[in-house]
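Participant: what shape does this take:
(chains A and B)
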Amino acid sequence: MSSDDIEIDRLIHEPARLKIMAQLFVVEEADFIFLMRQTGLTWGNLSSHMSKLETADYVEVRKEFLDKKPHTILKLTAKGRDAFEEYRRAMDQVLKDLPD
Amino acid sequence: MNEEQDLKTIEHESFRAFMQDGFTEIMAGTIFLVFPVIFAKPYFVPIFVVFYIFFLPYFVEVVRTKYVYPRIGYVKLRDEEPPKVTAGVVITVILMVAGGIILIYSISIGLLSPDLLYRWVPAFFGLIMLAPSAYLKGKTGQNRYYLFGILMTITGIAVGLANFLPVEVVTLTYSLSWGVAFFVLGVIKAALFIRKYPVIDSPEDDTSEQ
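Facilitator: Predicted coordinates:
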């Protein structure tokens, strides 16, 4: 398969969303504050990207109350994990095809 | 680009974020401070086990919910895959159990002095602590976590060789010293953590549940 045939998932490929997906990939679940600290994104930025990932069913959003305050927990869905794995394979192939 | 390495780095950073509240050190210190009591009065073991398995996780979560998550956020790390049971692992366990039985039997028939056991418990404990030391190094990527396992082994051997110490106080000295060291380290880390990370006013607090 050549680089021309490889499809890069544009939803994941965006740098901020790639950071979010990579962070959620290595943990079981996390909340907004943790993701903000680890990715360096602002609340608004994170919220916007998270909406897109939730719409694509890559991320599962769970709202609960923690110490009487609203608390949003985020987790990759099975589809999201598979999509990220596929993205990694695609990027590996693209980079492998690069000339020395 | 080495993406495996990049994902590993992110995983290490996530684990390090989880470890910086000092809570692990405070709990380790408390266990070491309590250990002499359990060693001296074995009937405390069931109470300790019940507390450790049932109450401690709940207590830890309550404290983290109040003081840690509002500062650095909440994360649940991925569960480890259970270790593969290989022939090597089985043989090691069998040898350890056999060694323990031989040791206890030798002491019971007077072949070995019980003082020998009491004097070398700290060294044995230090060797055991190499395992969590290596585990934390693997999870955080920081070599400094090897340090406590190595130091605990060295100090365990040192107190075992210290003939000027009565055998009754060898384990007590070792356990209390490390208990205090871990506890103080944990408190210092907790204080630095609270200073470094103020509570974040989450925009979620202003939204009402729909």
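
Participant: drop to CA atoms for contacts and neighbour counts, all remaining ones
Facilitator: Noted.

Participant: in which helix or strand does residue B:26 reside?
Facilitator: Using DSSP states H and E, residue B:26 sits in helix B:23-40.

Participant: what's the burial count for residue 33?
Facilitator: Answering for chain A, as no chain was given. Neighbours of residue A:33 under the rule other Cα atoms under 10 Å in any protein chain shown: 25.

Participant: meant chain B, my bad for not saying
Facilitator: Neighbourhood size, residue B:33 [other Cα under 10 Å]: 21.

Participant: and the residue positioned nearest the centre of chain B, how far from chain A?
Facilitator: Central residue of chain B (Cα atoms, centre = their mean): residue B:28, 5.0 Å from the mean position. Residue B:28 sits 24 Å away from chain A, going by Cα to the nearest Cα, to the nearest Å.

Participant: just give the number of residues close to residue B:123.
Facilitator: Using other Cα under 10 Å, residue B:123 has 22 neighbouring residues.

Participant: in which helix or strand does it reside?
Facilitator: helix B:114-128.

Participant: now that helix: buried residues?
Facilitator: Residues B:117-127 are the ones in helix B:114-128 that count as buried (16 or more other Cα atoms under 10 Å in any protein chain shown).

Participant: show me where chain A has helices.
Facilitator: Ranges of helices in chain A, per DSSP state H, are A:10-13, A:15-26, A:32-39, A:43-55, A:78-96.

Participant: and the second one, what other elements does it pack with?
Facilitator: In terms of contact count using 3 or more Cα pairs under 8 Å, 6 or more residues apart in numbering or on different chains; DSSP states H and E, helix A:15-26 is assigned the packing partners helix A:10-13, helix A:32-39, helix A:43-55, strand A:69-76, helix A:78-96, helix B:3-19.

Participant: quickly check: the longest helix anywhere in chain B near chain A or not.
Facilitator: Looking across chain B with DSSP H, the single longest helix is helix B:167-196. No - counting by Cα under 8 Å from any Cα of the partner chain, chain A has no neighbours in helix B:167-196; the shortest distance is 12.7 Å.

Participant: count of residues packed around residue A:10?
Facilitator: 11.

Participant: where does the chain have low pLDDT?
Facilitator: If you meant another chain, say so; for now it's chain A. A:1-4 (pLDDT under 70).

Participant: actually chain B
Facilitator: For chain B, residues meeting the criterion pLDDT under 70 lie at B:1-5, B:82-83, B:202-210.
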